[in-house]
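Asks: Predicted structure and sequence below. I'll ask about it afterward.
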Amino acid sequence: MHGVNAIISEGDWHQKASDPRRLRPFKLADTCIEIELMIHREKVADRPTLLIINSIDFPIPPSAGFCEKMWAAGYQVIFCRRPGFGNLPGLPQALLGRDQVRDRSAIASETALFSLLINSLNLKQIFLLGLGTSNSICYRLSQINPEIQYTIYSNPLFHPAIWDVIKPPWLKRMIRQTLRSRSGLKIAVRGLKAVLRRDPIWFYRQFAQKSAGDQQYVSRNLEDFRESGRMLQNITPDTFYYDLQNALIDDTNWDPEITRDSNAIILSGHETTAKWKHAIKAEAKRLGLPIVFARSGDLFVPYASPDVLLDVLNSYAATKSEAL
């Protein structure tokens, strides 16, 4: 075992058998900072960790079936909900201004928090899974924390073709509006939250309309997506701006000198546009990163195609064993 019981109190982490994925606030060692965390099967186990950091669109842990499938294959899922994306406060307001977002102060601060979390939990043998907008964090986190063995960038948003795949068109217009002005930001976020209050399942079916695999994942986990709609209503306009501005505008040109020598892979799905697939292949080549396309899934591709994700994890583990 990794000794996490000294950090997490039994009272805070008591979970009912019927709610194995419940998130709890976890206080980082020697700080007053808390991060919401889901440790599948409650306690950190002596096995490789699949550490997942949420994207803005779905701040909810993967399904119980996904977590159990990973466990059966030898991996423990630990899901981290980013600050401000759920029930806990976000980054300090001083980090969320336009200048601070553009000079990467906000993303650097969030990355440092997750590195501290890894150290506080004493995690080892980490496989890091980035989703959508969280890939900017994972790109940096994999550089600064030596416990991360391998990183999977699922649908990283690092090239201009991203605007081609945001569906439906009204959502694309709304996202663009959030990035143009403070007044546009507040109006767009207000409109998005109204849609989510009215019918979160309708919103996610629209959002995932390109992919039958994503639609199936939504249908099988309706309560998760209802909860996600509730959590999105807690996100402040400034946090929306920070995450979207960073992922879609400012952090779209990763350094191939860093990625070329990294232990990492890009995961995407075939159920998307031809333009996206062409662009992400070209970017993967520029960065010197291998890329895998799953038959099922797009936005939620690791969850829609867990067998493909396991193939990726096991292939790296086998390669590492052969090298020893």
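Replies: Now that the structure is in, tell me what you want to look at.
Asks: Which parts of the stretch 201-324 of the chain are helices?
Replies: 212-220, 222-232, 237-245, 256-259, 274-287, 301-304, 306-323 (DSSP state H, counting those that start in this stretch).
Asks: can you put these in CSV and add mean neighbour count?
Replies: (Each C-beta comes from the backbone N, C-alpha and C, glycine too.) As requested, the helices of the stretch 201-324 of the chain are exported to CSV (neighbours: other Cβ atoms under 10 Å):
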stretch, mean neighbour count
helix 212-220, 19
helix 222-232, 18
helix 237-245, 22
helix 256-259, 15
helix 274-287, 16
helix 301-304, 26
helix 306-323, 15
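Asks: between those, which gets nearest to R47?
Replies: Distance to R47, taken as Cβ to Cβ, is lowest for helix 306-323 among those, at 11.5 Å.
Asks: by contact count, what packs against the closest one?
Replies: helix 64-72, strand 126-131, strand 148-154, strand 264-269, strand 291-294, helix 301-304 (3 or more Cβ pairs under 8 Å, 6 or more residues apart in numbering; DSSP states H and E).
Asks: Tabulate the CA atom coordinates of it in PDB.
Replies: Output of helix 306-323 as PDB, limited to C-alpha atoms (Å, rounded to 0.1, in the frame of the first residue of the first chain):
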ATOM      1  CA  PRO A 306     -12.200   1.000 -22.800                       C
ATOM      2  CA  ASP A 307     -10.700  -2.100 -24.500                       C
ATOM      3  CA  VAL A 308      -8.700   0.200 -26.800                       C
ATOM      4  CA  LEU A 309      -7.500   2.200 -23.800                       C
ATOM      5  CA  LEU A 310      -6.500  -1.100 -22.100                       C
ATOM      6  CA  ASP A 311      -4.600  -2.100 -25.300                       C
ATOM      7  CA  VAL A 312      -2.700   1.200 -25.100                       C
ATOM      8  CA  LEU A 313      -1.900   0.800 -21.400                       C
ATOM      9  CA  ASN A 314      -0.900  -2.900 -21.700                       C
ATOM     10  CA  SER A 315       1.200  -2.300 -24.800                       C
ATOM     11  CA  TYR A 316       3.300   0.300 -23.000                       C
ATOM     12  CA  ALA A 317       3.600  -1.900 -19.900                       C
ATOM     13  CA  ALA A 318       4.800  -4.800 -22.100                       C
ATOM     14  CA  THR A 319       7.300  -2.600 -23.900                       C
ATOM     15  CA  LYS A 320       8.700  -1.400 -20.600                       C
ATOM     16  CA  SER A 321       9.000  -5.000 -19.300                       C
ATOM     17  CA  GLU A 322      10.900  -6.100 -22.300                       C
ATOM     18  CA  ALA A 323      13.400  -3.200 -21.900                       C
END
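Asks: Share the number of residues neighbouring the spatially closest residue to A45 that is not a sequence neighbour, please.
Replies: Leaving aside its sequence neighbours, A45 sits nearest to Q76 (Cβ to Cβ, 6 or more residues apart in numbering; 4.9 Å). Neighbourhood size, Q76 [other Cβ atoms under 10 Å]: 21.
Asks: I figured Q76 hits D46, correct?
Replies: No. Using Cβ atoms under 8 Å, Q76 makes no contact with D46, being 9.1 Å away.
Asks: From Y217, how far off is the nearest residue to I258 once chain neighbours are set aside?
Replies: Using Cβ to Cβ, 6+ apart and skipping the chain neighbours, the partner closest in space to I258 is Q143 (6.5 Å). Going from Q143 to Y217 by Cβ to Cβ, to the nearest Å gives 31 Å.
Asks: before we move on, what about L131?
Replies: Taken as Cβ to Cβ, the span from L131 to Y217 is 13 Å.
Asks: Next up, the contacts around T151.
Replies: By Cβ atoms under 8 Å, 6 or more residues apart in numbering, the contact list for T151 reads F127, L128, L129, G130, C138, Y139, S142, S262, N263, A264, I265.
Asks: And the buried ones among those residues, selectable in ChimeraX?
Replies: If you want just the buried ones from these in ChimeraX, going by 16 or more other Cβ atoms under 10 Å, the selection is:
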select :127,128,129,130,138,139,142,262,264,265
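Asks: If you tally nearby residues, what's the number for I118?
Replies: Each residue near I118 was counted by other Cβ under 10 Å, and the total is 22.
Asks: confidence score at it?
Replies: For I118, the pLDDT comes out at 97.
Asks: What residues sit buried inside the one helix or strand it maps to?
Replies: Per DSSP states H and E, I118 falls inside helix 105-121. Residues of helix 105-121 classed as buried by neighbour count (16+ other Cβ under 10 Å): 105-107, 110-111, 113-118, 120-121.
Asks: quick one: contacts of that helix?
Replies: Contacts to helix 105-121, defined as Cβ under 8 Å, 6+ apart, come from residues 2, 4, 7, 26, 28-29, 31, 33, 35, 37, 44, 51, 53, 78, 80, 82-83, 91, 95-96, 100-101, 126, 136-137, 140-141, 144-145, 147-148, 242, 246, 251.
Asks: do the same with stretch 205-225
Replies: Taking Cβ under 8 Å, 6+ apart as the rule, stretch 205-225 contacts 57-58, 60-61, 63, 165, 167-168, 171, 200-201, 204, 269, 271-273, 294-301, 303-305.
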